[in-house]
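[1] any chance you could fold what I've pasted below:
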Amino acid sequence: MYFFKTGTLTEDGLDMLGVVPLQDHFLPLIQHADELPRGPFLACMAACHSLTIIEGQITGDPLDLKMFEATKWILEEQGQDDTTKYGNMMPTVVKPTTTETYLQPNTEQLPYEIGIVRQFPFSSNLQRMSVITRTLGAKNMDIYVKGAPEMIASLCNKQTVPMDFHSTLQSYTQKGLRVIALAWRPLSQKVSWRRIQKLPRSEVENDLTFLGLLILQNMLKPQSTQVINQLREADIRTVMVTGDNMLTAISVARECGMIDPNSSVVLVTASPLSSTSPSTIEWSYDVPPQNKGMQIENGFPKQNLYQNQKLPAPSTNFHFAINGKSFAVIKNHFADVMPKIIQKGTVFSRMSPDQKRQLVEALQELGYGVGMCGDGANDCGALKSAHAGISLSEAEASVASPFTSSIPNISCVPIVIREGRAALVTSFGVFKYMALYSIIQFISVMILYWINSNLGDFQFLYVDLVITTTVAILMGYNGAYTHLVKKRPPGSLVSPIILISIILQILVQIIGQTTAYFLLFTQDWFEPLHPSQDADENILCPENTVIFIVSSFQYIIVAAAFSRGPPYRTPIWQNVWFLISLIVLCMYTAFMLFYPNYLSFLESFFQVYQLGPDHMKFCWIIFTVIIVNATLTFAIEWLMGKAFIKTFIKPCRKKNASKNIYKRIEKEIMNDPDWPPIGQVTTSNCVS
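    Residues are numbered from 1 along each chain as shown. This next block holds a predicted model:
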């Protein structure tokens, strides 16, 4: 089961922790962004967003909303209503609200207002968004960009990126904080309004000046840890996929329990092929922070949370963490390593929507049944590709997903799994019942054909309509069991457990009917049927009645046996209507065995021979056969649910290797204590 992070494992909303502006080096953390002096940093926070006003309320991405609210500026849109404002040349204007900052220092100058001329929307593939603005009275326009810190730093002039960029970024992301970088560049005065509307994005989002960082806190949802632990206890693998920073994702994975405290995290960093060097993979340990709280002094943690420590020896108890760029390199140049990365990967960060889909398909190729839970438009491709996609949103993602949860957290995941298992077991139960129903009726007919008799029309009607139809419909109403167990139900109708169960049940039903039939010949009062040329006259006889009564009980018994409750379904007594139907059918069939004379029409309508009360001893003998039959039937189903049966069957199957590729890969990893090669570099065999 794999999950997206933001909005799925963590809250949709963000809390602004503070800003870290830049002056040659990072300044101390400032908790109140509105205290910043007027300049590019504050202007970027106020203008670089996709917010709009709908019905008088500012609406948009939660991150954009938190960032803008922190500036305490106001947003205005031209136009009288929501349908006309988008036709304006400059629909959105932002400006400060306080008297001190509303006007330029010289009050004779124009008000300080920033108009958003053009917007380049956020792209998951590009990991950024940008806007082109013009300040009222300014001679030139500006471009403001915000996005993933690594991406923004790569677009900036290297001289403007501080030397402590990576260490500062790491100090925040390791604690699970969300970090956004800001950048800016003034455009030439020669760039006209008309040209701005035609400029490609690549021409303006370059040679930027790095401004600083936004630090936001994305809290884990209260239900996430509980659900992840529940899935792990059920031996269901959990994976996190996110577009966020890798260290932030690792921190959240540890916090929610995907990575337990005793496990190591191996960072997989791949470098692409170049003209001078082949593709490479670097393997290194990530050492989890020892401190649970974040103590900030002058804007930085008091100590490096990931201090140099002795790296643990390689073991099977590790998890891979990899980002989207490395994923693409390994997929293209390390085909032999890719299955192992997928098998042991737990954190996949900076993944594009297409890479999320590729990850689902890679897991499916290894033989996994893949479930996926997400909430955003970026998740649609993966939701559609997964075997079971669960959307926590009723927007775009719900269209591509077969399941949509009205509960905005992952507590729906165990419910879907439990309901799915219950539905699967119920389907197999109904299949087994219909198979046994046909076999039981076949046995009855063959025994009666032997003496040139057969079941009567109303006897067939009683079996097919009253018994079989009733129980076949109602046995599917057992609900899902309340606890998610480690043991998985059979995944195929032709699995050995199901086939052996059916074969043994057939033998029991054959023995039950034939035993009752031959016991009839031991009775002194019994006279065998002397077949008549008229087939209808051969129905009302002791042989027919015994076979009809015993087989009727068998239909009811196997229906109850195949409606087993835990560990996948609720107990049979909680399926009230089914239980009532079984009791009523058993009582009525027993009444036909012991006291048919009390209802005279039974003899003529069902063509039942009167055994009781004249031959009450024999009736109890037949009833004992039925009890033994029921005991054996339930015992077989009980045994088929025990683990030792699989252990007994496994050697008989002569199965040399698992059909699931992921099991073979896991075994291969366990048998190689020197893999992964921590601290080493793996090189591809090709150079461009």
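
[2] for stretch 347-354, list the C-alpha coordinates in CSV.
    The C-alpha coordinates for stretch 347-354 follow below in CSV (Å, rounded to 0.1, in the frame of the first residue of the first chain):
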residue,chain,number,x,y,z
VAL,A,347,10.5,6.9,0.5
PHE,A,348,10.3,8.2,-3.1
SER,A,349,10.7,12.0,-3.1
ARG,A,350,10.5,14.7,-5.7
MET,A,351,8.5,12.4,-7.9
SER,A,352,6.6,13.7,-10.9
PRO,A,353,3.1,12.5,-11.7
ASP,A,354,4.4,10.3,-14.5
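
[3] so for it, what gets flagged as buried?
    Neighbour-count burial for stretch 347-354, counted by 16 or more other CB atoms under 10 Å, picks out Val347, Phe348, Ser349, Arg350, Met351, Ser352, Pro353. All C-beta spots, glycine's among them, are computed from the backbone N, C-alpha and C.

[4] want to try JSON lines for those residues, with distance to Leu187 as columns?
    Shown next, in JSON lines, are the buried residues of stretch 347-354 (distance: CB to CB, whole Å):
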{"residue": "Val347", "distance to Leu187": "39"}
{"residue": "Phe348", "distance to Leu187": "37"}
{"residue": "Ser349", "distance to Leu187": "33"}
{"residue": "Arg350", "distance to Leu187": "29"}
{"residue": "Met351", "distance to Leu187": "33"}
{"residue": "Ser352", "distance to Leu187": "29"}
{"residue": "Pro353", "distance to Leu187": "31"}
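
[5] please narrow the residues you listed to those residing in strands.
    Using DSSP state E, Val347, Phe348, Ser349 are the members of the buried residues of stretch 347-354 that sit in strands.

[6] between these, which is nearest Val20?
    Val20 lies nearest to Ser349 out of those, by CB to CB, at 21.2 Å.

[7] leaving out the residues flanking it, which one is nearest to the closest one?
    Excluding its sequence neighbours, the residue lying closest to Ser349 (CB to CB, 6 or more residues apart in numbering) is Met246, at 3.9 Å.

[8] got CSV for the ones in strands among the buried residues of stretch 347-354, with distance to Gln31 and pLDDT too?
    Converted to CSV, these look like this (distance: CB to CB, whole Å; pLDDT from 0 to 100):
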residue, distance to Gln31, pLDDT
Val347, 29, 95
Phe348, 32, 95
Ser349, 27, 92
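
[9] ok, these vs Trp675, which is closest?
    Looking across those and measuring by CB to CB, the closest to Trp675 is Val347, at 19.1 Å.

[10] how about that closest one: what's its closest non-neighbour residue?
    That would be Ala321: by CB to CB, 6+ apart, it lies 4.0 Å from Val347.

[11] tell me the pLDDT at the one you found?
    You'll see Ala321 listed with a pLDDT of 94.

[12] quick one: the helix or strand encompassing it to chain centroid distance?
    Applying DSSP states H and E as the criterion places Ala321 in strand 318-323. With CA atoms, centre = their mean, to the nearest Å as the basis, strand 318-323 stands 19 Å off its chain's centre.

[13] name the residues that touch whichever helix or strand comes after it?
    Using DSSP H and E, the helix or strand that follows strand 318-323 towards the C-terminus is helix 324-333. The contact list for helix 324-333 (CB atoms under 8 Å, 6 or more residues apart in numbering) reads 268-273, 278-279, 281, 322, 337-338, 341, 348-352, 355, 358-359, 684, 686.

[14] stretch 37-47 too?
    Counting by CB under 8 Å, 6+ apart, 19, 21-22, 33, 36, 67-68, 70-71, 73, 94, 96, 101, 112, 114, 116, 131, 133, 135, 142, 144-146, 182-184, 209, 211-212, 214 sit against stretch 37-47.

[15] is there a quick PyMOL command that grabs whichever of the residues you listed are buried?
    Here is the PyMOL command that picks out the buried ones among those, judged by 16+ other CB under 10 Å:
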select buried, resi 19+21+22+33+36+67+68+70+71+73+94+96+101+112+114+116+131+133+135+142+144+145+146+182+183+184+209+211+212+214
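
[16] what's opposite Gly389 in the beta bridge?
    As for beta bridges, Gly389 partners with Met372 under DSSP bridges.

[17] also Phe120?
    On the basis of DSSP bridges, Phe120 is bridged to Ser130.

[18] from Ala472, how far off is it?
    From Phe120 across to Ala472, the span is 60 Å (CB to CB, to the nearest Å).

[19] where does the chain dip in pLDDT?
    For the chain, applying pLDDT under 70 flags the ranges 79-91, 98-109, 287-316, 376-378, 395-398, 597-603, 650-658, 686-688.

[20] swap in 50 and give it another go.
    Scanning the chain for pLDDT under 50 picks out 80, 101-103, 288-314, 688.

[21] ok, longest helix in it?
    helix 412-450 (DSSP state H).

[22] ok, which stretches of the stretch 51-200 of the chain are strands?
    52-54, 57-59, 73-77, 92-96, 114-123, 128-135, 141-147, 177-186 (DSSP state E, counting those that start in this stretch).

[23] Phe334 against Ile281, yeah?
    Yes - taking contacts as CB atoms under 8 Å, Phe334 lies within contact range of Ile281: 6.4 Å.

[24] thinking again about what came up before, I'd like the strands of the stretch 51-200 of the chain as CSV, with distance to Phe605 appended.
    Below are these laid out as CSV (distance: least, CB to CB, whole Å):
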stretch, distance to Phe605
strand 52-54, 72
strand 57-59, 72
strand 73-77, 82
strand 92-96, 84
strand 114-123, 76
strand 128-135, 80
strand 141-147, 81
strand 177-186, 76
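
[25] show me the contacts for the nearest residue to Ala70 once chain neighbours are set aside.
    Leaving aside its chain neighbours, Ala70 sits nearest to Ala33 (4.1 Å; criterion: CB to CB, 6+ apart). Applying CB under 8 Å, 6+ apart to Ala33 gives the contacts Met16, Gly18, Val19, Leu42, Met45, Ala70, Thr71.

[26] so how far is Val416 from Ala33?
    When distance is defined by CB to CB, Ala33 is 41 Å away from Val416.

[27] ok, for Thr470, nearest residue in space, not its chain neighbours?
    Nearest residue to Thr470 in three dimensions, chain neighbours excluded: Ser581, at 5.2 Å (CB to CB, 6+ apart).

[28] so where does the one you found fall, helix or strand?
    Per DSSP H and E: Ser581 is located in helix 576-594.

[29] mind listing what's buried in that helix?
    Neighbour-count burial for helix 576-594 flags Phe578, Leu579, Ser581, Leu582, Leu585, Cys586, Thr589, Ala590, Met592, Leu593, Phe594 (criterion: 16+ other CB under 10 Å).

[30] that older thread, render the CA-only coordinates of the strand holding Ala321 in CSV, please.
    Extracted in CSV, the C-alpha atoms of strand 318-323 (Å, rounded to 0.1, in the frame of the first residue of the first chain):
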residue,chain,number,x,y,z
PHE,A,318,16.9,-1.2,5.8
HIS,A,319,14.9,1.1,3.6
PHE,A,320,15.8,2.9,0.4
ALA,A,321,15.1,6.6,-0.1
ILE,A,322,15.4,8.0,-3.6
ASN,A,323,14.3,11.1,-5.4
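
[31] adjacent strands (with direction) for it?
    strand 264-271 (parallel), strand 345-349 (parallel).

[32] mind listing the strands for the stretch 401-550 of the chain?
    Assigned by DSSP E, counting those that start in this stretch, the strands in the stretch 401-550 of the chain fall at 403-404.

[33] adding distance to Asn317, write the strands paired with strand 318-323 out as a markdown table.
    What follows is these, written out as a markdown table (distance: least, CB to CB, whole Å):
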| stretch | distance to Asn317 |
| --- | --- |
| strand 264-271 | 7 |
| strand 345-349 | 12 |
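
[34] looking at those strands, which one is packed in the most?
    Most buried of the strands paired with strand 318-323 by mean neighbour count (mean count of other CB atoms under 10 Å) is strand 345-349; its value is a mean of 25.

[35] quick one: contacts of that strand?
    Residues outside strand 345-349 that contact it (CB under 8 Å, 6+ apart): 238-246, 248-250, 253, 258-259, 265, 319-324, 327, 355-356, 359.
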